[in-house]
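Chemist: what's the 3D shape of this:
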Amino acid sequence: MKSSITQGVKLLATGSAVPNLCISNQVISNIVNTSDEWIFSRTGIKERRILSNNNSLIDIASIASLKALEKTNLNAIDIDLIILATSTPNDLFGSASQLQAKLGANNAVAFDITAACSGFIIAMVTAAQFIQNGNYSNVLVVGADVLSKWTDWSDRRTCILFGDGAGAAILQSSSLISNNILGFHLNTNGQKFNQLNIHYELDKHQENVFMSSMQGKFNVITMNGKEVYKFAVSKVPQSIQHCLDSLNLSVDQIDWLLLHQANARILNAVASRLMIPKKKVISNLEKYGNTSAASIPLALDEAIQDYKINHGDLIVLSGFGAGLTWGTIILKWQV
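Modeler: Numbers count the residues shown, from 1 in each chain. Reported below is the predicted structural model:
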């Protein structure tokens, strides 16, 4: 049963953070048999940021969150809810509580959402539901992933793609008139889960027969690139069109298209299918690679900082990835 909407949702501010260590395509080519030209021509990626030393997911997630908070009149103690979208937590039981503690957001409920590259979109929709139903007023949504620790650096198919990063957004209850999130569409195809995953492997060398049936470890990222490409260029335009149709909006009314930063070929193909000109596509893929749940908020924050996005602009945010999951949000930017 749907709850009645009593509040609008205002996007107050965004923030982002990336590690200092920059790994160029040239560095990658010293590890595996590849080259800068080969990587860039197939992915659109020139470099990526990798977490190093003793830094963790929570470190970059907290920096992104604090940057967002600094742009508002709120303190951490004013946050009611924290949703951390990540598939690479510090703790398998969840890391949102660690972020809550690090920020000093002691009044906030905190939990994780695991949906890989669609995580930020699903977290934003979840946050909007809590606000629209009148349960919470100030919500911090963070997309953060450290994919480097789950990457096989000897696998040329995947090691060229991924980087680490974090992005944050603060949502606040508002009047229905000033509502920023106009609509959304979410979907999942669990039949295709094995096309992109980090699967759990049982330890076959356990001496204890009983224990060997339970204990093991997670492997590294595996991906069927061709299938993921076909999935993205097919399902994402459909999701965006469905969302626009539900709001009686046309593609021509879109000011900016911001897709999950997975691969330049996917970004170009989706824009082409919707007949959206390249000048309307926001991308920072070249600098950061695929940062999973961080990619959309990271690119959104940079576009806002660069004054690319103006008051009243209509922005389509769309994420897609492991699960397989995909989703779209139609956002109207208001200063």
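
Chemist: which elements pack onto the longest helix belonging to the chain?
Modeler: The longest helix of the chain (DSSP state H) is helix 225-246. The contact analysis (3 or more Cβ pairs under 8 Å, 6 or more residues apart in numbering; DSSP states H and E) places helix 225-246 against strand 181-188, helix 264-274, strand 314-321, strand 325-332. In short, each C-beta sits where N, CA and C put it, glycine included.

Chemist: and the next helix or strand after the longest one, which residues are buried?
Modeler: Translated: helix 264-274. Sequence-wise, the next helix or strand downstream of helix 264-274 (DSSP states H and E) is helix 285-288. Neighbour-count burial for helix 285-288 flags 285, 287-288 (criterion: 16 or more other Cβ atoms under 10 Å).

Chemist: okay if I get the residues you listed as CSV plus pLDDT and distance to residue 67?
Modeler: Putting these into CSV (pLDDT from 0 to 100; distance: Cβ to Cβ, whole Å) gives the following:
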residue, pLDDT, distance to residue 67
285, 96, 21
287, 97, 17
288, 97, 16
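
Chemist: just send those residues back as CSV, with distance to residue 16 too.
Modeler: Shown next, in CSV, are the buried residues of helix 285-288 (distance: Cβ to Cβ, whole Å):
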residue, distance to residue 16
285, 14
287, 12
288, 10
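
Chemist: can you tell me which of those residues is nearest residue 269?
Modeler: Nearest to residue 269 among the buried residues of helix 285-288, counting by Cβ to Cβ, is residue 285 at 13.7 Å.

Chemist: make TSV from the helices and strands packed on helix 225-246 and add mean pLDDT to it.
Modeler: Shown next, in TSV, are the helices and strands packed on helix 225-246 (pLDDT from 0 to 100):
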stretch	mean pLDDT
strand 181-188	94
helix 264-274	96
strand 314-321	95
strand 325-332	95
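
Chemist: and residue 203, which of these is closest to it?
Modeler: Nearest to residue 203, of all the helices and strands packed on helix 225-246, is strand 314-321, at 28.1 Å by Cβ to Cβ.

Chemist: tell me what angle that closest one forms with helix 264-274.
Modeler: Counting by axes from the mean of the first three to the mean of the last three Cα atoms, to 10 degrees, strand 314-321 lies at 130 degrees to helix 264-274.

Chemist: before we move on, back to that, please state the offset of the longest helix of the chain from the chain centre?
Modeler: 16 Å (Cα atoms, centre = their mean, to the nearest Å).

Chemist: following element in sequence after it, please.
Modeler: Downstream of helix 225-246, the next assigned helix or strand under DSSP H and E is strand 256-259.

Chemist: show me what that following strand is packed against.
Modeler: Using 3+ Cβ pairs under 8 Å, 6+ apart, the elements in contact with strand 256-259 are helix 264-274, helix 295-305, strand 314-321.

Chemist: what residues does the first one touch?
Modeler: Spelled out, that is helix 264-274. 42-45, 229, 232-233, 236-237, 240-241, 251, 257, 259, 261, 277-278, 280-281, 283, 285, 318 (Cβ atoms under 8 Å, 6 or more residues apart in numbering).

Chemist: walk me through the domains of this structure.
Modeler: Here the domain assignment for the chain is 8-178, 181-192+221-332, based on automatic domain parsing.

Chemist: with distance to residue 199 as extra columns, can I get those in JSON lines?
Modeler: Converted to JSON lines, the domains of the chain look like this (distance: least, Cβ to Cβ, whole Å):
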{"stretch": "domain 8-178", "distance to residue 199": "11"}
{"stretch": "domain 181-192+221-332", "distance to residue 199": "7"}
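
Chemist: show me where the chain dips below the pLDDT cut-off.
Modeler: Scanning the chain with the threshold set as pLDDT under 70 gives 1-4, 204-214.

Chemist: beta partners of residue 185?
Modeler: Beta-bridge pairing of residue 185 under DSSP bridges involves residue 328.

Chemist: is it true that it touches residue 244?
Modeler: No. Counting by Cβ atoms under 8 Å, residue 185 stays clear of residue 244, with 9.5 Å between them.

Chemist: so what's the residue count around the closest residue to residue 241 other than its chain neighbours?
Modeler: Closest residue to residue 241 in three dimensions, ignoring its sequence neighbours and counting by Cβ to Cβ, 6 or more residues apart in numbering: residue 274, at 7.1 Å. Neighbour count for residue 274, taken as other Cβ atoms under 10 Å: 18.

Chemist: now residue 274: how far from residue 140?
Modeler: Distance of residue 274 to residue 140, given as Cβ to Cβ, to the nearest Å: 31 Å.

Chemist: cool, and residue 304?
Modeler: The value you get for residue 304 to residue 140, if Cβ to Cβ is used, is 17 Å.
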